[in-house]
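> Predicted model follows, preceded by the sequence.
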Amino acid sequence: MYFKCLASRMGSDTTGFEGTAGRLAGAVMARLNRDMEDAAIDELDPGAADCVLAVGFGPGVGIAGLLARLPGGLVAGIDPSSAMLEQAQRRNRAAVDAGRACLVEADAAAIPWPDRTFHGAVAVNSIQLWDPFDASLREVARVLAPGAALVTLTHRWAIERRAPVTEWTEATTAQLRDRGFEAVGCKTARYRSGEGVLLRARRCTSPRCGDRAAT
């Protein structure tokens, strides 16, 4: 499978991960969040030739993990931070140069690939930053093939900055279903950097789900 890697920058950073602060944050994330990236990839369990999207790839540790699992596949990623893009490209330079990885500065609300491009998607510590959330969820649904899985893994403390975990999980599950996902599941676990909340959902295969996701 082939997809075009766009070089244009389409994002507007809303994370605060820019400049010196962004570079320092990326170094910390690369050290502390590796086990969360690995756990999300294990949950996704991609096929060796799949095409997978990473939403909010940060310093690129998860990109490296995906590339190791996809010897015959492709990895694409978006992040609104130019600092994170720089770190991720440097960490995965060989794969980027070989065309096995395409990393773009872009928002989740404007993903620069066609409908049904990806066999799966992961988002580690980024879903809470998708803004606007509904438009971002609609875009993720759009670029996933029917039956493709979406796995998100988020620090509990990051969720609690926005809402109680139970309330956030229930609301997010409902929105996933409204945007054409099914078989939504949730579980929590402890990681090196704290407790994480994992959501897994599958892109619906029914045409009626596609209609619902597009509205």
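Structure received.
> and the host helix or strand of Leu67, what other elements does it pack with?
Here Leu67, judged by DSSP states H and E, is contained in helix 61-69. Under the contact definition 3 or more Cβ pairs under 8 Å, 6 or more residues apart in numbering; DSSP states H and E, helix 61-69 sits against helix 34-44, strand 51-55, strand 74-79, helix 82-91, strand 101-105, strand 118-124. Yep, even glycine has a C-beta here, placed from its N, CA and C like the rest.
> Dump those into TSV; add mean pLDDT and mean neighbour count as well.
Formatted as TSV, those follow (pLDDT from 0 to 100; neighbours: other Cβ atoms under 10 Å):
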stretch	mean pLDDT	mean neighbour count
helix 34-44	96	20
strand 51-55	98	26
strand 74-79	98	27
helix 82-91	94	21
strand 101-105	97	23
strand 118-124	98	26
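> got those as TSV, with distance to Ala145 columns?
Output for the helices and strands packed on helix 61-69, formatted as TSV (distance: least, Cβ to Cβ, whole Å):
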stretch	distance to Ala145
helix 34-44	14
strand 51-55	9
strand 74-79	13
helix 82-91	24
strand 101-105	17
strand 118-124	6
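> Which one, of the ones you listed, ends up nearest to Leu176?
strand 118-124 (11.9 Å; Cβ to Cβ).
> Show residues contacting that closest one.
33, 36-37, 40-41, 44, 46-47, 50-56, 58, 62, 66, 73, 76, 108, 140, 143-145, 148-154 (Cβ atoms under 8 Å, 6 or more residues apart in numbering).
> For that strand, what is the distance to the chain centroid?
Relative to its parent chain, strand 118-124 has a centroid offset of 5 Å by Cα atoms, centre = their mean, to the nearest Å.
> Direction included, what does that strand pair up with?
With DSSP bridges as the test, strand 118-124 is paired with strand 51-55 (parallel), strand 144-155 (parallel).
> how near is Pro132 to Val104?
According to Cβ to Cβ, to the nearest Å, Pro132 and Val104 sit 19 Å apart.
> what's the answer for Leu129, then?
Using Cβ to Cβ, Leu129 is found at 16 Å from Val104.
> With Gly196 instead?
Distance of Gly196 to Val104, given as Cβ to Cβ: 26 Å.
> Then Pro146?
Distance from Pro146 to Val104, by Cβ to Cβ: 24 Å.
> What strand or helix carries Arg177?
In the assignment (DSSP H and E), Arg177 maps to helix 165-178.
> Enumerate the positions of that helix that are buried.
Using 16 or more other Cβ atoms under 10 Å as the test for burial, helix 165-178 gives 165, 168-169, 172-173, 176-178.
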